[in-house]
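1. below is the structure, and that's it, no one-letter string:
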């Protein structure tokens, strides 16, 4: 009688245990959509799931790829991305009239196959480590013996860098680049990219030739609900891709523009707003300080859906790249030519503890790491007369 009781109990418990495990480790089918200049390999939880089908040695290899894989939430995405160089010099077309330092670029978005929902995409909250940098002396680009004259830098690739248990706390945040800066072509236009998907690399698009990227994709807040709407950022003062009115620049009143947003995720606890641009080439004597950020506002309540022109009473106003005082500093580009300015809105899973005086764009991006639920972007252009 005792044996019969134990057997029945085991039979009763078995389906329950199996069901519980399935609920915890349910596997989902995903599709990664990728474009790279020039080559990449993709890893999920430390396992290689695909790579660029065009060899990196192929001249002008700018193709896109669709890579399918299965994983359960949360999962860790790892990418090794490479820009083509002929040798350790970091140059291409060596010995030809167009001998040069190449540039790079990478973008990815990952969607659930069944729902079609994009659950992850490359952005500045990804972590990056530079493995190869060359040439360290860019003036060697004109050398007739670049393999001798050009200097380079290499670090060893961590053995478990793509695994879920690897600690990337010492890695830097990725840098976003515009389509114009990267010079996208060919396969890039095969996909309709999610609003927040960005072209990323390390901070140096030209000299850093091999990089590693990492991102942990957590369980979607809204599951596989295909009716979930993307965070939207707009302005009553201008349209996406339109012209920035003069009053918001140093040629006018120099006040911040009005901005509005909608579709804030239910799980969001705060919002962050950043305006920046990628500056042009350095002039003699200038030092590269990265992107010029004109406006940073954080800990914006999720009950707020807009900020008025010139307002400083919404959220906490942080630094701008001038560093002279907190708040908005208007664009005042040197010389003629069209310039692109970008506004970014981030919905976060928590508030930030950073101080206003410390709230530079880089510091905010570091503080937001792992907290970004959704993003929206708004781009506008201005030409100084």
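-> That came through, no problem. Model, not experiment: these values are computed from the prediction. Numbers count the residues shown, from 1 in each chain.

2. can we go C-alpha only for contacts and neighbour counts from here?
-> Will do.

3. bridged to residue 50, which residues?
-> With beta bridges defined as DSSP bridges, residue 50 has these partners: residue 42.

4. SS state for residue 140?
-> Following DSSP: H, G, I helix; E, B strand; the rest coil, we place residue 140 in the helix state.

5. run a quick check on it versus residue 146, I expect a contact.
-> Yes - counting by Cα atoms under 8 Å, residue 140 does reach residue 146; the two are 6.2 Å apart.

6. next up, the contacts around the spatially closest residue to residue 209 that is not a sequence neighbour.
-> Residue nearest to residue 209 in three dimensions, not counting chain neighbours: residue 83, with 4.9 Å by Cα to Cα, 6 or more residues apart in numbering. If you count contacts by Cα atoms under 8 Å, 6 or more residues apart in numbering, residue 83 has them with 37-39, 56, 102-104, 209-210.

7. and the one residue sitting closest to the centre of the chain, how far is that from residue 47?
-> Centroid-nearest residue in the chain, with Cα atoms, centre = their mean: residue 123, separated by 1.3 Å. Taken as Cα to Cα, to the nearest Å, the spacing of residue 123 relative to residue 47 amounts to 22 Å.

8. swap in residue 94?
-> Counting by Cα to Cα, the gap between residue 94 and residue 47 amounts to 35 Å.

9. those two: who's more crowded?
-> Between residue 94 and residue 47, residue 94 has the larger neighbour count (other Cα atoms under 10 Å), namely 22 against 13.

10. just confirm residue 218 contacts residue 75, I think it does.
-> Yes - Residue 218 is within contact range of residue 75, at 6.7 Å (criterion: Cα under 8 Å).

11. residue ranges with poor pLDDT in the protein?
-> Scanning the chain for pLDDT under 70 picks out the ranges 1-25, 59-60, 219-229, 280-290, 335-336.

12. mind splitting it into its structural domains?
-> With automatic domain parsing serving as the domain definition, the record reports that the chain contains domains spanning 29-217, 232-383.

13. and the strands in the stretch 201-350 of the chain?
-> Chain-ordered strands for the stretch 201-350 of the chain, with DSSP state E, counting those that start in this stretch as the definition, fall at 208-217, 232-234, 259-262, 270-277, 292-300, 306-307, 316-317, 338-348.

14. what's near enough to touch residue 88?
-> If you count contacts by Cα under 8 Å, 6+ apart, then residue 88 has 134, 147, 150-152 around it.

15. distance of it from residue 145?
-> For residue 88, the distance to residue 145 equals 12 Å [Cα to Cα].

16. now residue 134
-> Taking Cα to Cα as the measure, residue 134 falls 15 Å from residue 145.

17. so the two - more neighbours on which side?
-> Of the pair residue 134 and residue 145, residue 134 is the one with more neighbours under other Cα under 10 Å, namely 23 against 13.

18. check the gap between that one and residue 91 for me.
-> For residue 134, the distance to residue 91 (Cα to Cα) stands at 8 Å.
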